[in-house]
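> pasted the sequence and its predicted model underneath.
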Amino acid sequence: MGISEDEWDMLQKALDWPGPDQEITPLNQSTSPVHSTFSIVGLKESYKLGEKIYVTITARDHNKNLKRYGGDFFKANLFNLDLKASVYGEVVDHRNGTYSVALLLPWEGQAQVYVRLEHSSEVVQILKKYRKSSFPRSHYNGYFEGTGPDKTRISEVVECNIKWGEDGSWSKGDCCCEYKDVKTGTVWQCERPKQLSCDKLVHHSFGGLENPLNPFEKQIFTETNVAITGDIQIINVLPNTPGIGTMERCRSGIITPVPVGFYLEDVWKSFMCNTQQFNSSQIGNCLKNKIVYLMGDSTTRQWFEYLERTVPDIKRMDLHTHHHLGPLMAVELKNNIIVHWRPHGVPLRFDKMPITDVHYISNDIDEIAGGPHAVYVFTIFAHFVFHPITLYVHEVAKIRQSVVALLSRAPETTVIIKSGNTAEIKDIFQSDWYAIQLNTVMQEMFRDIDGVIYFDVWQMTSCHYLPENIHPAPLIIANEIDMLLSYICPA
């Protein structure tokens, strides 16, 4: 994986997630969202702004029995729909079937608690099982093109996948064409074409999804992402003096708190640093003489598209690439603004695209000179939830190595990691439990790297009243961009 044994031990402790001591087979012993409840501890008639309330969650099975072990994946937040306000709460697992949440009261007025069971501990056990498995839940296509002996054009499509794990190849057929990246060491495999040679690989795309669940496991998954009942009383929050306090300028090196911020009137207010709101002309002024490199997946492409719509007079250049697949570039000449976006390397579930346009993040960082004019943003999570977490650790280790080198040669470069966000799909393929584990890996592996900003959009997407979506709504993207610009141009 490219890390030491000590660091791997540290990561395993950070990723530790409790669960049953043995596989639970009777469905009625799994956690029931109908019978699980939450209660507010010592509920008072009113609270002061900046105080906290404490919530206890009690998990029960389908027979109404108390659970005796932890591992359930609950989500909790405080909200007020009239004020368009919400704040995230971190759920603490006491490993005995009870959980607690401390919820900050960051706005005046009224608030209510909302808790839902995203996955039972039994579902998480299944998620763990298939994350470790060599079973290829996600397949990919490789497109080979060339000419035959009679000069006719030949096209062949075969299955491809990452080469990873103890048994090496995922394919049991006449394996394989291998494509090893010299710098990262990552090996991509494609089944050998029948007529063409391995050097004729031209395009890449997503392939089918393969569900490994047996009938019992599929039944367990039917009770996913369900709200649980509890104290729905209105919480009254009164003014307080001096209030929660003022924030410092946005910069690297600030530890991400919980909560990291909250929404009020649909505007995100950060507890990390002084968040600003930027109109179109202010965005143009902030990005003057900047080159912004956005790399990752379609969630960073959303940032590119927002800037493309918002920066005055910026124009997308015709690079003769697909408007969704990239690479993309937009330029504003008056203020000398350049914005790039491109997807990360394989595994990548995108439509058909040239294999030459699929670049590993670490390699792209190695080719950037950096400097005070350069802003580099990357995210890498959604396409890795289909694969073993050890592969993700390997990729993050290579990215970290390149980031350290970049900041060594150009310490004034702004480097921002955009975390993974929540998604609407809660199944064996795209579970938020997978995503939050990848976020933990990224945070831990970059914790001690000076000059890097970790931008937690998980909380921003987890607590908002809009439905969770792998592609957050424009309103959320606008708040994310305000946070981004608050780091580029701190006040």
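Sure, I can see it.
> sketch out the low-pLDDT regions of the chain for me.
Residues of the chain meeting the criterion pLDDT under 70: 166-169, 171-174, 242-246.
> find the residue at the geometric middle of it.
Computing the C-alpha centroid of the chain and ranking residues by CA atoms, centre = their mean puts Gly420 first, at 1.2 Å.
> and for that one, nearest residue in space, chain neighbours not counted?
In space, Gly420 comes closest to Phe381 once its chain neighbours are excluded; the distance is 3.3 Å by CB to CB, 6 or more residues apart in numbering. The C-beta positions use only the backbone N, C-alpha and C, and glycine is treated the same way.
> state the distance from the one you found to Ser281.
Using CB to CB, to the nearest Å, Phe381 is found at 33 Å from Ser281.
> same deal with Leu328?
The gap separating Leu328 from Ser281 is 23 Å, by CB to CB.
> looking at these two, which is more packed in?
Leu328 (22 against 10; other CB atoms under 10 Å).
> ok, that one - contacts?
Leu328 sits next to 301, 304, 316, 319, 321, 340-342 when contact means CB atoms under 8 Å, 6 or more residues apart in numbering.
> which PyMOL command selects the buried ones in these?
Selecting the buried subset of the contacts of Leu328 in PyMOL, with 16 or more other CB atoms under 10 Å as the burial test, is done by:
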select buried, resi 301+304+321+340+341+342
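> in a markdown table, list the contacts of Leu328 along with secondary structure and distance to Val55.
What follows is these, written out as a markdown table (DSSP: H, G, I helix; E, B strand; the rest coil; distance: CB to CB, whole Å):
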| residue | secondary structure | distance to Val55 |
| --- | --- | --- |
| Arg301 | helix | 37 |
| Phe304 | helix | 39 |
| Arg316 | strand | 47 |
| Leu319 | coil | 51 |
| Thr321 | coil | 49 |
| His340 | strand | 44 |
| Trp341 | strand | 40 |
| Arg342 | strand | 43 |
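> save the contacts of Leu328 as CSV, and put in distance to Ser120 too.
Listed next are the contacts of Leu328 as CSV, based on distance: CB to CB, whole Å:
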residue, distance to Ser120
Arg301, 34
Phe304, 38
Arg316, 46
Leu319, 47
Thr321, 43
His340, 43
Trp341, 38
Arg342, 39
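> in what element of secondary structure is Ala76 found?
strand 73-80 (DSSP states H and E).
> now the angle from the very next helix or strand once past that strand to strand 73-80?
Sequence-wise, the next helix or strand downstream of strand 73-80 (DSSP H and E) is strand 85-89. Going by axes from the mean of the first three to the mean of the last three CA atoms, to 10 degrees, strand 85-89 is angled at 150 degrees with respect to strand 73-80.
> which other helices and strands contact strand 85-89?
Secondary-structure packing of strand 85-89 (3 or more CB pairs under 8 Å, 6 or more residues apart in numbering; DSSP states H and E): strand 73-80, strand 98-104, strand 261-264.
> off-centre distance for the helix or strand just after the last one?
Read in the C-terminal direction, the helix or strand following strand 261-264 is strand 267-270, with elements assigned using DSSP H and E. With CA atoms, centre = their mean, to the nearest Å as the basis, the distance from the averaged C-alpha position of strand 267-270 to the chain average is 19 Å.
> which parts of the stretch 1-150 of the chain are strands?
For the stretch 1-150 of the chain, the strands defined by DSSP state E, counting those that start in this stretch cover 37-40, 47-48, 52-58, 73-80, 85-89, 91-93, 98-104, 109-119, 138-147.
> among those strands, which is nearest Leu27?
Nearest to Leu27 among the strands of the stretch 1-150 of the chain is strand 109-119; the distance by CB to CB comes to 14.7 Å.
> now the angle between strand 98-104 and that closest one, please.
Here strand 109-119 runs at an angle of 150 degrees relative to strand 98-104 (the same axes, to 10 degrees).
> helices or strands up against strand 109-119?
Strand 109-119 is packed against strand 37-40, strand 52-58, strand 73-80, strand 226-227, strand 235-238, helix 432-446, with contacts defined by 3+ CB pairs under 8 Å, 6+ apart.
> quick one: contacts of stretch 187-199?
Contacts for stretch 187-199 (CB under 8 Å, 6+ apart): 142, 144-146, 148, 154, 156, 158-164, 169-171, 173-181, 200-201, 346.
> switch the cut-off to 6 Å
Outside stretch 187-199, the residues that touch it by CB atoms under 6 Å, 6 or more residues apart in numbering are 142, 144, 146, 154, 156, 158-160, 163, 171, 173-174, 176-180, 346.
> now it, how far from the centre of its chain.
32 Å.
> repeat that for stretch 443-456.
Taking CA atoms, centre = their mean, one finds stretch 443-456 lying 15 Å from the centre of the chain it belongs to.
> show me which residues of that stretch are buried.
Applying a neighbour-count criterion of 16+ other CB under 10 Å, one finds 443-446, 449, 451-456 buried in stretch 443-456.
> for stretch 369-388, which positions count as buried?
Within stretch 369-388, judged by 16+ other CB under 10 Å, the buried ones are 370, 373-388.
> show the end-to-end separation of it, please.
Using CA to CA, to the nearest Å, one end of stretch 369-388 lies 33 Å from the other.
> do stretch 76-86 as well
Here the two ends of stretch 76-86 are set 10 Å apart, with distance taken as CA to CA.
> near Ser133, how many other residues are there?
Here the count is done by other CB under 10 Å, and Ser133 has 12 residues near it.
> Ser419 now?
Using other CB under 10 Å, the number of residues around Ser419 comes to 23.
> same question for Trp107.
By other CB under 10 Å, the residues close to Trp107 number 21.
> touching, it and Leu264? I think so.
Yes. Using CB atoms under 6 Å, Trp107 makes contact with Leu264 at a distance of 5.1 Å.
> before we move on, the earlier item: please name the residues that touch the residue nearest to Gly420.
Shown in contact with Phe381 (CB under 6 Å, 6+ apart): 420, 435, 438.
> roughly how far is stretch 117-130 from the heart of the chain?
A distance of 18 Å separates the centroid of the chain from that of stretch 117-130, by CA atoms, centre = their mean.
> what comes into contact with it?
Here stretch 117-130 makes contact (CB under 6 Å, 6+ apart) with 19, 24, 30-31, 33, 71-75, 212, 217, 220, 224-226, 228, 431, 433.
> go through that stretch and flag the buried ones.
For stretch 117-130, a neighbour-count test (16+ other CB under 10 Å) marks 117-128, 130 as buried.
> of the residues you listed, closest to Asp482?
Distance to Asp482 across these (CB to CB) is lowest for Glu118, with 27.8 Å.
> ramachandran angles for the residue lying farthest from the centre of the chain?
Taking CA atoms, centre = their mean, the residue of the chain most remote from its mean C-alpha position is Asp150, at 49.2 Å. Here is the backbone geometry of Asp150 (degrees, to the nearest 10): phi -90, psi 20.
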